[in-house]
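*Asks:* Got a predicted model here, sequence first, then my questions.
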Amino acid sequence: MIRPFRPEDAAWLVERHGTLYARDEGFDDTFAPLVASILDGFVADHDPTCEAGWIAEAGGARLGSIFCVRLDQHTAKLRLFLLVPEARGQALGQRLLEACMTYARDRGYRGMQLWTHESHRAACALYARNGWRLVASRPVHSFGRDLVEQSWEIAFH
């Protein structure tokens, strides 16, 4: 099931992001504090009329997350999209992405943006299948790694 994010989900999200990105991507210990900062800001300041987060879970176990936050009056930003490895390949990522995009569209946003890394190939393929387009790509050194940062956008019609 997909349910609304609750503040008590934050510690799990920070831990999962930190652990999985360190194990799978080689990220250093600067990544989890960034996730914590994003979540702290969301919990403290989000506008529930136009910003939301969701948690995917089964049998009480959290499996993933996705967030929609306001960039400006017309544009939402997709953030903290995560699926634990054991939940991948079951269309749960598609369901989370659809929930987030539908929410943004229903709140009157004209489009969305997101930031990711080229190494997240499955997520990037999911974005492309759903009408997102890659608009920028650049090499960076972040989280202790050489990465290729990507920016994606989608316009709602």
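*Replies:* Happy to help now that I have it.

*Asks:* pLDDT averaged over stretch 42-54 - what is it?
*Replies:* Taken as a whole, stretch 42-54 carries a mean pLDDT of 96.

*Asks:* buried residues in that stretch?
*Replies:* By neighbour count with 16 or more other Cβ atoms under 10 Å, stretch 42-54 contains the buried residues Phe42, His46, Cys50, Glu51, Ala52, Gly53, Trp54. Where you see a C-beta, it was placed from the backbone N, CA and C, and this is true even at glycine.

*Asks:* distance between the helix or strand hosting the first one and the chain's centre?
*Replies:* Assigning secondary structure by DSSP states H and E places Phe42 in helix 31-45. Here the centre of mass of C-alpha atoms in helix 31-45, compared against the chain's by Cα atoms, centre = their mean, to the nearest Å, lies 13 Å away.

*Asks:* other SSEs contacting it?
*Replies:* helix 10-25, strand 75-83 (3 or more Cβ pairs under 8 Å, 6 or more residues apart in numbering; DSSP states H and E).

*Asks:* can you put the buried residues of stretch 42-54 in a markdown table and add distance to Val14 and secondary structure?
*Replies:* Shown next, in a markdown table, are the buried residues of stretch 42-54 (distance: Cβ to Cβ, whole Å; DSSP: H, G, I helix; E, B strand; the rest coil):
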| residue | distance to Val14 | secondary structure |
| --- | --- | --- |
| Phe42 | 12 | helix |
| His46 | 17 | coil |
| Cys50 | 24 | coil |
| Glu51 | 19 | coil |
| Ala52 | 19 | strand |
| Gly53 | 13 | strand |
| Trp54 | 17 | strand |
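
*Asks:* before we move on, the earlier item: how big is the angle separating the helix holding Phe42 from helix 10-25?
*Replies:* Here helix 31-45 runs at an angle of 150 degrees relative to helix 10-25 (axes from the mean of the first three to the mean of the last three Cα atoms, to 10 degrees).

*Asks:* hmm, who's touching helix 31-45?
*Replies:* 5, 7, 10, 13-15, 17-18, 21-22, 51, 53, 67, 69, 79-80, 143 (Cβ atoms under 8 Å, 6 or more residues apart in numbering).

*Asks:* Please check those residues and keep the buried ones.
*Replies:* Buried residues within the contacts of helix 31-45, counting neighbours by 16+ other Cβ under 10 Å: 5, 10, 13-14, 17-18, 21-22, 51, 53, 67, 69, 79-80, 143.
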